[in-house]
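> coordinates only, sequence not included:
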């Protein structure tokens, strides 16, 4: 007669739980969200809506130019090195890191210089009704943001998703005390100073993690001959276009609010977009955990396994995000009042509509990773072109009559168009064998 299986003690179960990358991934992502929201709440009260609007537009501008400089090569590195490391070919992964890193550095330097030129005396800041000093400060972010993205790609390709989430959270963990400390010293938190604080925190996060990143590649073989960078650059173009269109969407909304309404209302919109990071953080963690396994599944020709993994990830994300979405839809004004103050409550209807848009994205969120890892990334720019066209047309049509609520409706319509089209393409082209 068999002895009954020995039951694990609570301590053993806890240790097994803490060894799961998903637990640490969600933990760091949650801490990132808390620090990011605490910083946003502090800025809302200490800097005011106008400074928050200038800060938001400058960050969105830096994101666009950083994406142009990076040219999608961080994701090409992730796909290339992730597959190489899965097969134990560390020399090829090392060559990809060295070659693509140099290419990215050259592109990023050029775009940072371009932003400094455009933000100087000239038509750009006047056209946007933007704060010139904030745009100039954002040039630092054109350098630090690609460095962070490449570090995240290295961690994920090396099979360290929890460390990647820690690195992604670290800038927010450094930015919050910087904001509070600056205010405690009696220094005015203008838009430009806030932009500088944010990107200095981002640079510090990357520098602090350099020793850990170096350990990830310390056991790799010496670099193999350089890969065909022309092919990689061509592959990076659709990924760059996709990221560029995503960055443009936030930038366009903030620019439209700044010019068509006011910097203060742009500040309220910036904080509304900040709230959308809560459901977005949930599905982004799912994406970061699934991207490596998807690359392996599809390289092995197991699209059926990839789709089952896709479904499990979506169900988990929906379960986690449902309470947040419900809160934003049913009580957006109360959330804004509690988080940021009475001055921002008018953005409540926009928050409710934007939360419904996030629900559409969560329902199919791994689809972008699936298409990239399947080598179908050329379809992603088409998806974003359509959703961006919906966003621009709806914003221009609704903003004059409905203000921030019209922007919220345009955001939701764009999310819905993006989700439906991307999922339809994935079901058409990524089929089980």
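Yep, that arrived. Please read all numbers here as calculations on a predicted model, not as lab measurements. Numbering: from 1, shown residues only.
> let me see the contact set for the spatially most central residue of the chain.
What sits nearest the mean C-alpha location of the chain, by Cα atoms, centre = their mean, is residue 284, with 7.5 Å. Applying Cβ atoms under 8 Å, 6 or more residues apart in numbering to residue 284 gives the contacts 29, 365. Where you see a C-beta, it was placed from the backbone N, CA and C, and this is true even at glycine.
> now name the helix or strand holding it.
Following DSSP states H and E, the helix or strand that holds residue 284 is helix 263-299.
> now do residue 175
Going by DSSP H and E, residue 175 is part of helix 161-184.
> how distant is that helix from the center of its chain?
How far helix 161-184 lies from its chain's middle: 15 Å, per Cα atoms, centre = their mean, to the nearest Å.
> which elements pack onto that helix?
The helices and strands touching helix 161-184, judged by 3 or more Cβ pairs under 8 Å, 6 or more residues apart in numbering; DSSP states H and E, are helix 21-46, helix 139-157, helix 191-208, helix 263-299.
> who wins for proximity to residue 319 among those helices?
Closest approach to residue 319 among the helices and strands packed on helix 161-184 is made by helix 263-299 (9.5 Å; Cβ to Cβ).
> any idea how far residue 277 is from the closest residue to residue 394 other than its chain neighbours?
In this structure, residue 394 finds its nearest non-sequential neighbour in residue 410, 3.5 Å apart by Cβ to Cβ, 6 or more residues apart in numbering. From residue 410 across to residue 277, the span is 19 Å (Cβ to Cβ, to the nearest Å).
> one more: residue 269?
Noted for residue 269: a distance of 14 Å to residue 277, by Cβ to Cβ.
> ok, these two, which is more surrounded?
Neighbour tally, residue 269 and residue 277, criterion other Cβ atoms under 10 Å: the higher count belongs to residue 269, 32 against 16.
> which element, helix or strand, includes the residue lying closest to that one once chain neighbours are set aside?
Nearest residue to residue 269, sequence neighbours excluded (Cβ to Cβ, 6+ apart): residue 257, at 4.7 Å. Per DSSP H and E: residue 257 is located in helix 229-260.
> so what secondary structure elements neighbour that helix?
Secondary elements touching helix 229-260 (3+ Cβ pairs under 8 Å, 6+ apart): helix 49-70, helix 73-86, helix 90-118, helix 123-128, helix 263-299, helix 379-402, helix 404-429.
> so how far is it off the chain centroid?
12 Å.
> just want the angle from it to helix 73-86.
Counting by axes from the mean of the first three to the mean of the last three Cα atoms, to 10 degrees, helix 229-260 lies at 140 degrees to helix 73-86.
> just want the angle from helix 229-260 to helix 263-299.
Inter-element angle recorded for helix 229-260 and helix 263-299: 160 degrees (by the same axes, to 10 degrees).
> list the buried ones in helix 229-260?
229, 232-233, 235-236, 238-260 (16 or more other Cβ atoms under 10 Å).
> tell me the contacts of residue 114?
Applying Cβ under 8 Å, 6+ apart to residue 114 gives the contacts residue 65.
> residue 203 now?
140, 143, 144, 147.
> and which of the residues you listed is nearest to residue 74?
Out of these, the member with the shortest distance to residue 74 (by Cβ to Cβ) is residue 147, at 9.9 Å.
> where's the closest one relative to residue 169, distance?
Going from residue 147 to residue 169 by Cβ to Cβ gives 16 Å.
> equivalent analysis for residue 56, please.
Taken as Cβ to Cβ, the span from residue 56 to residue 169 is 20 Å.
> and these two? which has more neighbours close in?
Between residue 56 and residue 169, counted using other Cβ under 10 Å, the more crowded position is residue 56 (30 against 22).
> that older thread, mind putting the helices and strands packed on helix 161-184 in JSON lines, mean pLDDT included?
As requested, those are exported to JSON lines (pLDDT from 0 to 100):
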{"stretch": "helix 21-46", "mean pLDDT": "79"}
{"stretch": "helix 139-157", "mean pLDDT": "92"}
{"stretch": "helix 191-208", "mean pLDDT": "94"}
{"stretch": "helix 263-299", "mean pLDDT": "80"}
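> I'd like the ones you listed written out as a markdown table, with distance to residue 404 added.
Listed next are the helices and strands packed on helix 161-184 as a markdown table, based on distance: least, Cβ to Cβ, whole Å:
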| stretch | distance to residue 404 |
| --- | --- |
| helix 21-46 | 15 |
| helix 139-157 | 26 |
| helix 191-208 | 19 |
| helix 263-299 | 6 |
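> out of these, the one nearest residue 97 is which?
Of all the helices and strands packed on helix 161-184, helix 139-157 comes closest under Cβ to Cβ, at 6.8 Å.
> so the residue nearest to residue 112 when sequence neighbours are not counted versus residue 248, what's the distance?
Nearest non-adjacent residue to residue 112, counting by Cβ to Cβ, 6+ apart: residue 142, 4.1 Å away. Distance of residue 142 to residue 248, computed by Cβ to Cβ: 15 Å.
> could you do residue 357 as well?
Taken as Cβ to Cβ, the span from residue 357 to residue 248 is 16 Å.
> just checking, residue 50 touches residue 264?
Yes. In this structure residue 50 lies within contact range of residue 264 using Cβ atoms under 8 Å: 5.1 Å.
> on that earlier part again, list the residues that contact the residue nearest to residue 269.
53, 265, 266, 269, 399, 404, 407.
> ok, the closest residue in space to the third one that isn't next to it in sequence - how many residues close by?
Counting by Cβ to Cβ, 6+ apart, residue 266 lies nearest to residue 53, which is 3.4 Å off, once chain neighbours are set aside. The number of residues packed near residue 53 is 29, by other Cβ under 10 Å.
> do you know the pLDDT at residue 53?
Model confidence at residue 53, expressed as pLDDT, equals 86.
> now do the contacts for it.
191, 254, 257, 258, 262, 263, 264, 265, 266, 267, 269, 270 are the contacts of residue 53 under Cβ under 8 Å, 6+ apart.
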